[in-house]
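A.B. asks: this one's structure only:
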Ligand SMILES: NC(=O)c1ccc[n+]([C@@H]2O[C@H](COP(=O)([O-])OP(=O)(O)OC[C@H]3O[C@@H](n4cnc5c(N)ncnc54)[C@H](OP(=O)(O)O)[C@@H]3O)[C@@H](O)[C@H]2O)c1
């Protein structure tokens with residue numbers, strides 16, 4: 001047996017919160033990690049030392065058995081940490097790394113994957129409610145990358161337009177176009193305008209906020225699939241149980257947040273396991289989604 005197969009799998013959890021996420025720790029162990037090194041209160045300034053400790057110990061060949069997970073509830077900090085981690089690697093002295101701060105990547109990937117089971121994403125007209133948050137922006141990005149025409153909603157036209165611009169620039173680099181349009185949704189009238197001809201809605205609003213009232217949903221004749229990601233009552237899509245999983249309601253296929261949770265967990269575990277296949281992988285939203293598609 002080659003020497004590298006005997007090395008224990010070490011996952012280094014870098015979390016910007018004071019207490020490294022218990023959820024992420026349990027998933028790491030359940031994904032086959034042998035040793036979990038958890039660090040809390042991590043900031044970008046700490047990264048160089050932490051990453052050097054990871055890459056200067058095992059030889060390049062064995063670094064496939066060391067990996068980094070970036071978590072924490074602050075997604076912007078998580079993104080900055082991921083960037084710094086990658087910058088700190090020294091050529092072959094690197095290890096695979098995954099970002100799932102606040103569960104944003106796995107949650108957005110799960111929502112889009114679930115939607116794709118019921119509707120052809122290429123060309124679909126989609127509306128992402130709460131689209132300026134980390135999950136909503138990622139869902140919009142993944143949908144645009146699949147060829148969907150996406151309206152990204154916010155209470156502020158400016159925030160919606162800024163988020164749409166950022167996503168179009170990112171997706172454009174991969175050959176997409178101006179697939180995402182920012183749109184203001186501040187009441188039932190603007191919601192119904194935004195939902196005109198829409199076939200897919202992903203509700204990615206803040207916890208405990210209703211973004212799609214039942215009365216409005218019942219007027220949306222083109223709607224085929226609706227997915228809620230808010231598990232905290234009141235739910236994001238009114239009248240749909242949090243456990244709903246591909247439940248047919250008034251001719252619309254509906255998901256509650258827990259209904260999407262199984263797919264999210266599957267993707268999370270698979271991504272952690274995959275980190276240990278080589279020392280050069282980066283799992284951000286797109287890679288997490290692509291992995292989910294192959295499961
Ligand atoms: N199942 C899971 O494992 C899991 C993991 C992660 C997240 N989630 C859930 O996914 C959802 C999205 O997460 P996130 O972190 O992206 O959410 P977030 O950043 O807290 O909120 C998303 C957007 O909701 C809008 N919003 C906030 N308060 C609002 C209000 N009172 N009325 C209307 N809109 C409001 C904001 O957009 P504007 O200010 O631009 O309008 C905000 O950008 C949350 O419900 C979260 O709990 C679930």
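C.D. replies: Here it is on my side, so go on. Note that the structure is predicted; figures quoted are calculated from it, not measured. Numbering: from 1, shown residues only.

A.B. asks: Outline the domain layout of the protein.
C.D. replies: Taking automatic domain parsing as the domain assignment, the record places the domains of the chain at 3-99, 106-261.

A.B. asks: Specify the beta-bridge partners of residue 14.
C.D. replies: With DSSP bridges applied, residue 14 shows beta-bridge pairing to residue 39, residue 70.

A.B. asks: Which residues are in contact with the closest residue to the ligand within the stretch 1-150 of the chain?
C.D. replies: Using CB to the nearest ligand atom, the closest approach of the stretch 1-150 of the chain to the ligand is made by residue 133 at 2.5 Å. C-beta here means a position set from N, CA and C on the backbone, and glycine is covered the same way. Shown here is residue 133, whose contacts under the criterion CB atoms under 8 Å, 6 or more residues apart in numbering are 204, 205, 206.

A.B. asks: Now find how far off-centre stretch 275-285 is within its chain.
C.D. replies: Between the mean C-alpha point of stretch 275-285 and the mean C-alpha point of its chain there is a distance of 16 Å (CA atoms, centre = their mean, to the nearest Å).

A.B. asks: Can you give me the end-to-end span of it?
C.D. replies: Stretch 275-285 has an end-to-end distance of 15 Å (CA to CA, to the nearest Å).

A.B. asks: Turn the contacts of residue 133 into CSV, including pLDDT.
C.D. replies: Written out in CSV, the entries for the contacts of residue 133 read as follows (pLDDT from 0 to 100):
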residue, pLDDT
204, 98
205, 98
206, 97
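
A.B. asks: Name the residues of the stretch 51-200 of the chain found near the ligand, please.
C.D. replies: Applying the criterion CB under 6 Å from any ligand atom, the portion of the stretch 51-200 of the chain that neighbours the ligand consists of 102-104, 107, 130, 132-136, 154-156, 159.

A.B. asks: Report the spatially nearest residue to residue 117, omitting neighbours in sequence.
C.D. replies: residue 246 (7.6 Å; CB to CB, 6 or more residues apart in numbering).

A.B. asks: hang on, residue 226 is in a helix, isn't it?
C.D. replies: No. The assignment for residue 226 by DSSP: H, G, I helix; E, B strand; the rest coil gives strand, which leaves it out of any helix.

A.B. asks: From the ligand, how far off is it?
C.D. replies: Using CB to the nearest ligand atom, to the nearest Å, one gets 14 Å for the distance from residue 226 to the ligand.

A.B. asks: out of everything not next to it in sequence, what's closest to that residue?
C.D. replies: In space, and not counting its chain neighbours, residue 226 is closest to residue 201: 4.6 Å by CB to CB, 6+ apart.

A.B. asks: Same check on residue 157?
C.D. replies: With sequence-adjacent residues excluded and distances taken as CB to CB, 6+ apart, residue 157 is closest to residue 184, at 3.9 Å.

A.B. asks: That neighbour against residue 153, yeah?
C.D. replies: Yes. Using CB atoms under 8 Å, residue 184 is in contact with residue 153, at 7.3 Å.

A.B. asks: what is in contact with those two at once?
C.D. replies: With contacts taken as CB under 8 Å, 6+ apart, residue 184 and residue 153 have residue 160 as neighbours in common.

A.B. asks: Quick one: the helices in this protein, in order.
C.D. replies: Taking DSSP state H as the criterion, the chain carries its helices at 22-30, 47-55, 75-88, 104-116, 134-145, 157-172, 188-194, 214-217, 257-275, 285-294.

A.B. asks: Residue 88 - how many residues pack around it?
C.D. replies: Number of residues near residue 88 (other CB atoms under 10 Å) recorded here: 17.

A.B. asks: Just put the helices of the chain in TSV and tack on mean pLDDT.
C.D. replies: Supplementary listing: those in TSV, determined by pLDDT from 0 to 100:
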stretch	mean pLDDT
helix 22-30	98
helix 47-55	98
helix 75-88	97
helix 104-116	98
helix 134-145	97
helix 157-172	95
helix 188-194	98
helix 214-217	97
helix 257-275	98
helix 285-294	97
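
A.B. asks: Kind regards, and thank you for your time.
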